[in-house]
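> Need a 3D model of the following:
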Amino acid sequence: MALYEMVDATRVREPSLIAAFDGWIDAGSAATTAAAHLAEGGEVVATFDADILYDYRARRPSLEIVDGRLAELSWPALSLQRVRFGSRDALILSGHEPDFHWHELTGAIVQIAKSLEVVEWISLGSIPAAVPHTRAVPVLGSASHDGLLRGGIRAGPEGVLRVPAAAISVLEMGVAKAGIPALGYYTQIPHYLSGPYPAAAVELLRAVERHLDGPVALQPLATEASELRVRLDAAAAADDATKAHVQRLEAMVDEERQPSGDDLIADIERFLREQGPSTSGGRPN
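Down below sits the predicted model:
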């Protein structure tokens, strides 16, 4: 069975391929929120066979029941959409993280990227970390070679960091090995939060904007981020323990104390434990 089907790729011009999957690594749903924002109004270029890629027992379709009648099923899906930015295009690969056939999917993505003459791959992700919501959202970078990251973002953290791999990282490595420049931006979100974190999605969009010939609209996400900041400030002020914890994190940031690899691993492992066997982006409320 074919893993994917091309729908319409006749007008793609010098595209960047931007990828984000839900689950791991998508804390606060930041990456998939940013990808959905970018893909809004886009045209479908390729679709992927969900029956091959997903375990429906682990990632069950959602069922809508109206007045006791089974009305609609929403299945996990993965698609590639095209949107125009200035004189060039962006291809947005987004959806549920596949459960199966990562090797085959990597080969398919490399094949698609070469056929569409993709000029660069950009991974988007978000990880929990010991950072406060009262400071700018930190961004870590990955790059297949020097000079790809923009906006003063450096590849890191330094040293060896071993963590559970994500499908998006497997794809990024496969594309890079095929000779296509590949990079990634990963926001860090406060580990004490639950639910969507739009401030991180905004920061990812700003990172993408630096690679495209045209501005990326940040509304309404920027407004949502501001409103959430107000609620978080009020919640922290109302609880002494939370307030003290946020202040400790602020001191670390202000002293430019970067988390060690061991700290990052501990945050990631805690995030995975709280997600349970099936992830769906962000943390459970």
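
> can you give me the helices in the stretch 101-250 of the chain?
Ranges of helices in the stretch 101-250 of the chain, per DSSP state H, counting those that start in this stretch, are 102-115, 167-177, 198-209, 221-237, 240-254.

> Correct me if wrong: residue 25 contacts residue 123.
No. Shown here, residue 25 and residue 123 do not form a contact pair, counting by Cβ atoms under 8 Å, at 9.1 Å. Every residue, glycine included, has its C-beta placed from N, CA and C.

> So which of those two has more stuff around it?
Shown here are residue 25 and residue 123; by other Cβ atoms under 10 Å, residue 25 has more neighbours (30 against 25).

> What residue, apart from its backbone neighbours, is nearest the more buried one spatially?
residue 125 (4.2 Å; Cβ to Cβ, 6 or more residues apart in numbering).

> Could you give the number of residues near that neighbour?
When neighbours are counted by other Cβ under 10 Å, residue 125 comes out with 27.

> again, but for residue 119
Residue 119: 16 surrounding residues under other Cβ under 10 Å.

> go on, residue 251?
By other Cβ under 10 Å, neighbour count at residue 251 equals 11.

> and what of residue 143?
18.

> Give me the distance from stretch 17-33 to the chain's centre.
2 Å (Cα atoms, centre = their mean, to the nearest Å).

> now stretch 194-208
In terms of Cα atoms, centre = their mean, the centre of stretch 194-208 is found 9 Å from the chain centre.

> export that stretch as CSV, just CAs?
What follows is stretch 194-208, C-alpha atoms only, in CSV (Å, rounded to 0.1, in the frame of the first residue of the first chain):
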residue,chain,number,x,y,z
SER,A,194,-0.8,22.8,32.0
GLY,A,195,-2.8,23.3,28.8
PRO,A,196,-1.9,25.3,25.7
TYR,A,197,0.9,27.9,26.0
PRO,A,198,0.3,30.4,23.1
ALA,A,199,3.4,32.5,24.1
ALA,A,200,5.6,29.7,22.9
ALA,A,201,3.6,29.3,19.7
VAL,A,202,4.2,33.0,19.0
GLU,A,203,7.9,32.6,19.5
LEU,A,204,8.0,29.7,17.1
LEU,A,205,6.2,31.8,14.5
ARG,A,206,8.8,34.5,14.9
ALA,A,207,11.5,32.0,14.3
VAL,A,208,9.8,30.8,11.1
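
> pLDDT on it, on average?
Average pLDDT, stretch 194-208: 95.

> again, but for stretch 3-14
Stretch 3-14 carries an average pLDDT of 86.

> what helix or strand is the most centrally placed residue in the chain on?
Nearest to the mean C-alpha position of the chain, counting by Cα atoms, centre = their mean, stands residue 31 at 2.5 Å. Under the criterion of DSSP states H and E, residue 31 resides in helix 30-39.

> could you point out which element follows that helix?
Beyond helix 30-39 toward the C-terminal end (DSSP H and E), the next one is strand 43-48.

> How far off centre is the next helix or strand after that following strand?
Using DSSP H and E, the next helix or strand after strand 43-48 towards the C-terminus is helix 50-53. Chain-centre distance of helix 50-53: 21 Å, with Cα atoms, centre = their mean.

> Same check on stretch 16-27?
Distance, centroid of stretch 16-27 to centroid of chain: 3 Å (Cα atoms, centre = their mean).

> Mind putting the helices of the stretch 101-250 of the chain into TSV with distance to residue 40?
Formatted as TSV, the helices of the stretch 101-250 of the chain follow (distance: least, Cβ to Cβ, whole Å):
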stretch	distance to residue 40
helix 102-115	22
helix 167-177	20
helix 198-209	12
helix 221-237	11
helix 240-254	33
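
> returning to that earlier point: spell out which residues are contacts of both of residue 25 and residue 123.
Common neighbours of residue 25 and residue 123 (criterion: Cβ atoms under 8 Å, 6 or more residues apart in numbering): 168, 186.
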